[in-house]
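Student: From the sequence below, what's the structure:
(2 chains)
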Number of protein chains: 2
Amino acid sequence: MVVRRGEKKDLVAVLDLIRELANYEKEPYQVTNTVERMEREGFGETPVFGFLVAEISGRIVGTAIYYYRYSTWKGKRLYLEDIVITESERGKGIGTKLFERTEQIARDTDCTGMMWQVLDWNEPAINFYKKYKTRFDEGWINCHLDF
Amino acid sequence: MVVRRGEKKDLVAVLDLIRELANYEKEPYQVTNTVERMEREGFGETPVFGFLVAEISGRIVGTAIYYYRYSTWKGKRLYLEDIVITESERGKGIGTKLFERTEQIARDTDCTGMMWQVLDWNEPAINFYKKYKTRFDEGWINCHLDF
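Tutor: Residues are numbered from 1 along each chain as shown, chains lettered A, B, ... in the order given. Below is the predicted model of the structure:
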């Protein structure tokens, strides 16, 4: 298993993983993103996000997608938007490798920390994050305005 | 009252407003950010955030701080990190002006929408956001790893 930086050619597989996660989170119809949009927004002069992929024998089985946020309290933070491992490959330590490599990117790019969100019913994920020195911060509602 | 793009010289007043909000959110000791860090991270070739200020007779009375996030489901989104009006100037429509100007920036920069968070006990803010077509999404826990 290899963890490496994602490239344009990986985006079809990455978007499949994003759809797999949306299914798991019970919101399959929310994914309106496209490979073309991800190509435009993830590459070029000012990429809005970066991503890692986990590959086994040439097949993409996992991804971690991140970007930088700005905490007015703490300064620059890496935000881990999604970490997805395809169902058949879970429990093999791939998530750990993706998570720790992402943390390394945050440390290498002058971040004061990293952040992410977890659904309050997603116990396997919460237990995974407890293995790190994660600070859990409850009581927030996400608000969206869709154009 | 003027709403305009923030400049380096505004950062002392803006950090004061950030501290005022942290007090209101009952977390005054969490603010470790500094004017120097904000200068470095908000300006230059690759700014991590942008901000607006509201000014009355040369005094900064409000700010909106934003940056771009990447929704794997929806694509590029503007994230409104903070909107703060100093206590003595609340209820005068300054928040509305800052919010709507931020929305305009999101529309002008090819975003598919904008996002923010609100504390579940902050009723005045929730009521304010209900005036827009806000979609409220509950059940998320914020996770932090501080370096």
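Student: give the contact list for the spatially most central residue of chain A.
Tutor: The centroid of chain A falls nearest to residue A:82 when counting by Cα atoms, centre = their mean (2.4 Å). By Cβ atoms under 8 Å, 6 or more residues apart in numbering or on different chains, the contact set of residue A:82 is A:18, A:21, A:63-65, B:72. All C-beta atoms are positioned from the backbone trio N, CA, C, and that covers glycine.
Student: same thing but 7 Å
Tutor: A:18, A:21, A:65, B:72 (Cβ atoms under 7 Å, 6 or more residues apart in numbering or on different chains).
Student: is the third one in a bridge, and if so with what?
Tutor: Listed by DSSP bridges, the beta-bridge partners for residue A:65 are residue A:51, residue A:82.
Student: What is the burial count for the closest residue to residue A:107 other than its chain neighbours?
Tutor: Leaving out its chain neighbours, the residue that sits closest to residue A:107 by Cβ to Cβ, 6 or more residues apart in numbering or on different chains is residue B:147, at 6.2 Å. The local packing of residue B:147 (other Cβ atoms under 10 Å in any protein chain shown) involves 13 other residues.
Student: again with residue A:45
Tutor: As a burial measure, residue A:45 scores 5 neighbours (other Cβ under 10 Å).
Student: Go through the host helix or strand of residue A:107 and flag the buried ones.
Tutor: Assigned by DSSP states H and E, residue A:107 belongs to helix A:94-108. Residues of helix A:94-108 classed as buried by neighbour count (16 or more other Cβ atoms under 10 Å in any protein chain shown): A:94-95, A:97-99, A:102-103, A:105-106.
Student: Export only the CA atoms of that helix, formatted as PDB.
Tutor: Only the C-alpha atoms of helix A:94-108 are listed here, as PDB (Å, rounded to 0.1, in the frame of the first residue of the first chain):
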ATOM      1  CA  ILE A  94      -5.100   2.800   5.800                       C
ATOM      2  CA  GLY A  95      -7.000   5.500   7.600                       C
ATOM      3  CA  THR A  96      -4.200   5.800  10.200                       C
ATOM      4  CA  LYS A  97      -1.600   6.300   7.500                       C
ATOM      5  CA  LEU A  98      -3.700   8.900   5.700                       C
ATOM      6  CA  PHE A  99      -4.500  10.800   8.900                       C
ATOM      7  CA  GLU A 100      -0.900  10.900  10.100                       C
ATOM      8  CA  ARG A 101       0.400  11.900   6.700                       C
ATOM      9  CA  THR A 102      -2.100  14.700   6.700                       C
ATOM     10  CA  GLU A 103      -1.000  15.800  10.100                       C
ATOM     11  CA  GLN A 104       2.600  15.900   8.800                       C
ATOM     12  CA  ILE A 105       1.500  18.200   6.000                       C
ATOM     13  CA  ALA A 106      -0.100  20.500   8.500                       C
ATOM     14  CA  ARG A 107       3.100  20.600  10.600                       C
ATOM     15  CA  ASP A 108       5.300  21.200   7.500                       C
END
